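J.: I would like the atomic coordinates for the input below:
(2 chains)
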Number of protein chains: 2
Amino acid sequence: MKLSDKVIHRLTLYHNILVGYMEKNISYATSPQIAALLKIDASQIRKDLKLLNNDGICKVGYPVVELKQSIEKFLGFIKKKEAFIVGAGNLGMALAKYDNFELYGFSILALFDNDPLKVGMSTNGKEVFHISKLENLASRLNVQIAILTVPRKFAQPVADFLVKSGIKYIWNFSPCVIEVAEGIQVWNENLIGNFLQFTINHGK
Amino acid sequence: MKLSDKVIHRLTLYHNILVGYMEKNISYATSPQIAALLKIDASQIRKDLKLLNNDGICKVGYPVVELKQSIEKFLGFIKKKEAFIVGAGNLGMALAKYDNFELYGFSILALFDNDPLKVGMSTNGKEVFHISKLENLASRLNVQIAILTVPRKFAQPVADFLVKSGIKYIWNFSPCVIEVAEGIQVWNENLIGNFLQFTINHGK
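T.: Residues are numbered from 1 along each chain as shown, chains lettered A, B, ... in the order given. As a prediction, the model looks like this:
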């Protein structure tokens, strides 16, 4: 099944909300409550949750724990994905600390950099290795995903190196479009594009 | 005109590519070249660029400088937007250094934090102020946009504080959904949702 961007976007937001409800020991969530938080229509939420074969209990709502688990199962959160971060600058470090990824079965195993001052540091239990170790570790740990957080001018040469090292999926946070061979998948994270969409459509 | 997420996403990617071409002193870009970089169909690119009333020159392509400017004008990049970053941790610092925002007319004026060790620091020419200064500075500088990069547990109380301080637009990078009053706009940046979409639809 091919899911649209918007459905996945909303399901992960519902998931965030459910995690918050669990922290507050709330057992049931209703579609109007979620709708109010996200400023969308409650019927949209019911429609999305029908995709998961989840029906709420009339006047009570959806059981929080079960619904959270069924979103995880549906989106494959429970299928673990492991990745390296390449570029241990502020953004790389921030993503290494972003514990929310783990909730989605997405684990950052290590960071890589070519700066000797950064090599050997560790953040959130994740060590920074010299970039020359990447090929070997990718192969031994069977890691195929790299999160690219190097400055713009290094993005293309580092991407070339990653592909040579066996990386198949690149999540590119560098503000430039990189060129890769057939069979390699790149997701260009487009922070400013997301936000422009929001400001343009809300009249700022 | 209401633009779809996908059109804005693609236009900003074309813009990134054109910036790269300018750096390499390339004068013309063709739709098949751009298509190959993004692995999309060239006809899609021509269709998008028609929105800007830009036609390429047959067998020569689009003039790079003019096309870049016309994307900027079209997406309102040249209408300056000014913002504060709230939370001077790794992610806040990374975004303060993300010079690409400036290309899109989006300026970060300052950062705010409640940690006395961070107050007074400065990164990329932007100073970290104590959070207690935010209301006054927002009003004097007429800043209505805040980029929220605090840990999950502080997101809601800090968002409440921002709204009380006159902020109208919150770009929320905290991995939780925040509740705001009517009339306040929140864009929940959903990093993991974006990436899940990519991995799900590419079979990882």
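
J.: my guess is A:I178 meets A:W187, correct?
T.: No - the pair A:I178 and A:W187 does not pass the contact test of CB atoms under 8 Å, sitting 10.7 Å apart. Backbone N, C-alpha and C define where each C-beta goes, glycine included.

J.: how about the strands in chain A?
T.: Along chain A, the segments classed as strands by DSSP state E run A:28-29, A:62-63, A:81-86, A:106-113, A:122-123, A:126-130, A:145-148, A:169-172, A:185-188.

J.: which of the ones you listed is buried the deepest?
T.: strand A:145-148 (a mean of 26; mean count of other CB atoms under 10 Å in any protein chain shown).

J.: Can you tell me what sits against it?
T.: Contacts with strand A:145-148, where a contact means CB atoms under 8 Å, 6 or more residues apart in numbering or on different chains, come from A:81-87, A:92, A:95, A:108, A:155, A:158-159, A:162, A:167-174, A:178, B:199, B:204.

J.: Roughly how far does the most centrally placed residue in chain A sit from B:I71?
T.: The central residue of chain A, meaning the one whose C-alpha is nearest the mean C-alpha position (CA atoms, centre = their mean), is A:F101 at 5.8 Å. From A:F101 over to B:I71 the distance is 32 Å, taken as CB to CB, to the nearest Å.

J.: same question, A:F84
T.: From A:F84 across to B:I71, the span is 33 Å (CB to CB).

J.: A:L3 now?
T.: When distances are taken as CB to CB, A:L3 and B:I71 turn out to be 29 Å apart.

J.: Quick one: list the elements packing against the lowest-mean-pLDDT helix or strand in chain A.
T.: Of the helices and strands making up chain A, the lowest-confidence element is helix A:191-201, at a mean of 73, by mean pLDDT, DSSP states H and E. Here helix A:191-201 is seen to pack against helix B:5-23, strand B:169-172, strand B:185-188 when contacts are counted using 3 or more CB pairs under 8 Å, 6 or more residues apart in numbering or on different chains; DSSP states H and E.

J.: what separates that helix from the chain centre, distance-wise?
T.: With CA atoms, centre = their mean, to the nearest Å as the basis, helix A:191-201 stands 19 Å off its chain's centre.

J.: just to revisit the earlier point, how about the residue nearest to the centre of chain A: what's its closest non-neighbour residue?
T.: Spatial nearest neighbour of A:F101, excluding adjacent residues (CB to CB, 6 or more residues apart in numbering or on different chains): B:I192 at 5.9 Å.

J.: who are the neighbours in contact with the one you found?
T.: If a contact means CB under 8 Å, 6+ apart, then B:I192 has A:12, A:100-101, A:104, A:106, B:175 as its contacts.

J.: at 10 Å instead, please
T.: A:8, A:12, A:15-16, A:75, A:77, A:98, A:100-101, A:103-106, B:175 (CB atoms under 10 Å, 6 or more residues apart in numbering or on different chains).

J.: which residues does A:P175 contact?
T.: A:P175 sits in contact with A:151-152, A:155, A:188-192, B:12, B:15-16, B:19, B:98-101, B:103-104, where contact means CB under 10 Å, 6+ apart.

J.: again, 6 Å this time
T.: Taking CB atoms under 6 Å, 6 or more residues apart in numbering or on different chains as the definition of contact, the neighbours of A:P175 are A:152, B:100.
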